[in-house]
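Student: build me a model:
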Amino acid sequence: MILTPGTNFASYDFSLPTHQGGEFHFAHRAAQGPTIVIFYRGHWCPYCARYLGKKIQPNLERLTADNGVVVAISPEPVRTSADFAVRCGITFPLLSDIDGYVIGKFGVKNGFSSATASLPHPAVIVFDSDLRVRFRSVDRNYKKRTTVRAIVSALDALKQSSL
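Tutor: Numbers count the residues shown, from 1 in each chain. Sure thing, here's the model as predicted:
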């Protein structure tokens with residue numbers, strides 16, 4: 001399924017382990033606030049490390065206002081994600097999608113990758129409290145990332161639409 005703005009994902013649930021030792025259940029976010037799902041390639045990617053550690057983490061308070069949550073998904077094992085979080089100072093949940101099921105379901109799998117793993121394109125998807133897609137940004141260029149300004153604008157628009 002390719003998620004486009006307006007697509008309702010409320011009937012879809014996934015549960016993935018976090019680097020913090022817990023489980024993240026997507027459907028549990030319903031009615032709680034915005035959910036920002038970021039897909040990243042892995043700990044070995046300097047662009048991912050810079051984006052998550054130097055762009056997203058310092059702006060986490062802005063991104064999680066109004067009971068929002070930020071999660072980032074990669075095909076890496078939990079232990080690798082835990083080490084990556086420590087190295088980059090990341091406090092939001094890093095989810096492990098080893099088999100690439102969620103990466104594929106969200107339509108962000110890198111089809112050009114020759115690796116057997118499900119490597120995602122860098123992507124950001126913002127869901128409202130009804131788990132409806134309100135913003136989607138996917139870039140096939142692994143060096144490019146969605147700006148924090150674009151994510152904040154999507155969250156502001158979401159807030160305005162609920163008034």
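Student: the worst-scoring helix or strand of the chain on mean pLDDT: which residues count as buried?
Tutor: Scoring the helices and strands of the chain by mean pLDDT, DSSP states H and E places helix 101-105 at the bottom, with a mean of 90. Using 16 or more other Cβ atoms under 10 Å as the burial criterion, the residues of helix 101-105 that qualify are 102-103. Bear in mind the C-beta positions are built from the backbone N, C-alpha and C, glycine included.
Student: got it, and stretch 83-101?
Tutor: Buried residues in stretch 83-101, counted by 16+ other Cβ under 10 Å: 84-85, 88, 90, 92-97, 100.
Student: and stretch 103-113, by the same measure?
Tutor: For stretch 103-113, the buried set under the neighbour-count rule, 16+ other Cβ under 10 Å, comprises 103, 106-110.
Student: circling back to that earlier point, most widely separated two among the buried residues of stretch 83-101?
Tutor: Between all members of the buried residues of stretch 83-101, the longest pairwise span (Cβ to Cβ) is found for Cys88 and Gly100 and amounts to 22.5 Å.
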